[in-house]
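Student: here is my input; please provide its structure:
(chains A and B)
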Amino acid sequence: MTLWLAIPLSILIIGGSLFSVLAALGLLRLPDVYTRMHAASKAGTVGSGLLLIAAGLGSQDAAILVRALAGFCFFILTAPVSAHLLARAAHISRVPLDAASVRDDYAREEKGRG
Amino acid sequence: MMTRLVILVLFTLVWAAVTGSFTPLNLAFGLVLSGLALFLIRENVQPSRIAIRPFKALALILLFFRELALSAFRVAILVTRPRMNLKPGIFAFPLTVDRDFEITLLANLITLTPGTLSVDVSEDRRVLYVHALDCADPEATIRDIANGFEAKILEAFR
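Tutor: Numbers count the residues shown, from 1 in each chain, chains lettered A, B, ... in the order given. Model (predicted):
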């Protein structure tokens, strides 16, 4: 592996790992399920995306790179859906928002549905 | 018919990409699988006239990746701060887009952008409920989304 491939690869791997760690830290530190979904969906997507691209480039094999990119696309398509479903399920089962929350327009909609 | 054909070709290409082989035999196998998959979801694929402007769609994709990077950085900075000053909340976003795929697209884009997360869409499909990490000024966030992603979606698909 040449240096010109190794340097960007290392940056991608370190960046991906960093975002994954920060996503995990966010899950620990943020106060309620809704704010936690923010960390999981955003930093998690970027972290695993960077790692997938690094794996694809590192293999130096077009077939594996295409597969890694397809995986990245699927991740981008599915991560927001799972975050949205978890948040929605939590709200419907009346998991309260953190005490610091300032507003909840969704509560009205749910009341309307009975 | 056109829509189904495009989906069929797209599915076949995705299959070839995922299996990592573009040989004629594998493409033919992918075509058969795509046909089966399309047959299974035939109720959900309603042929509709969707006009796509390629350059505007590309601009939307570029905007999305920029926002995704920004949002990951914002979450990263937020969780490493010793005191997180959060004012979270759920606000209602009045939708201008009304077709299902546009609402889905907008909801996904909102979830992957800084500080916002789609929670649900109202039954009449007029309001999107969005959770924000900083809900101190929801009017500004609503303006940002309406003038940013929603405007771009309208440009790209109308």
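
Student: all helices for chain A, in order.
Tutor: All helices of chain A, identified by DSSP state H, fall at A:3-29, A:33-59, A:62-92, A:106-113.

Student: turn those helices into JSON lines, including distance to chain B, mean pLDDT and mean neighbour count.
Tutor: Backbone N, C-alpha and C define where each C-beta goes, glycine included. As requested, these are arranged in JSON lines below (distance: least, CB to the nearest CB, whole Å; pLDDT from 0 to 100; neighbours: other CB atoms under 10 Å in any protein chain shown):
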{"stretch": "helix A:3-29", "distance to chain B": "4", "mean pLDDT": "91", "mean neighbour count": "15"}
{"stretch": "helix A:33-59", "distance to chain B": "4", "mean pLDDT": "88", "mean neighbour count": "23"}
{"stretch": "helix A:62-92", "distance to chain B": "3", "mean pLDDT": "87", "mean neighbour count": "17"}
{"stretch": "helix A:106-113", "distance to chain B": "4", "mean pLDDT": "67", "mean neighbour count": "14"}
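
Student: pipe those into CSV and attach distance to residue B:44 per row.
Tutor: Converted to CSV, the helices of chain A look like this (distance: least, CB to CB, whole Å):
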stretch, distance to residue B:44
helix A:3-29, 32
helix A:33-59, 24
helix A:62-92, 15
helix A:106-113, 24
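
Student: which one of the ones you listed lies nearest to residue B:120?
Tutor: helix A:62-92 (4.9 Å; CB to CB).

Student: give me the helices and strands touching the closest one, please.
Tutor: If contacts are counted by 3 or more CB pairs under 8 Å, 6 or more residues apart in numbering or on different chains; DSSP states H and E, helix A:62-92 sits against helix A:33-59, helix A:106-113, helix B:2-19, helix B:100-111, strand B:116-121.

Student: burial of residue B:39, as a residue count?
Tutor: Neighbour count for residue B:39, taken as other CB atoms under 10 Å in any protein chain shown: 8.

Student: the helices and strands packed on helix A:62-92 into CSV, with extra columns for distance to residue B:69?
Tutor: CSV is the format used below for the helices and strands packed on helix A:62-92 (distance: least, CB to CB, whole Å):
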stretch, distance to residue B:69
helix A:33-59, 7
helix A:106-113, 28
helix B:2-19, 24
helix B:100-111, 14
strand B:116-121, 15
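
Student: number of nearby residues for residue B:81?
Tutor: 10.

Student: domains for chain B, by residue range?
Tutor: Chain B breaks down into these domains under automatic domain parsing: B:2-40, B:54-157.

Student: and the shortest one, end to end?
Tutor: End-to-end distance for domain B:2-40, by CA to CA, to the nearest Å: 18 Å.

Student: buried residues, that domain. List them.
Tutor: If you call a residue buried by 16 or more other CB atoms under 10 Å in any protein chain shown, then domain B:2-40 has these buried ones: B:7-8, B:11-12, B:15-17, B:19-20, B:29-31, B:34.

Student: any idea how far that domain is from the chain center?
Tutor: The chain centre lies 22 Å from the centre of domain B:2-40; the measure is CA atoms, centre = their mean, to the nearest Å.

Student: many thanks, have a good one.
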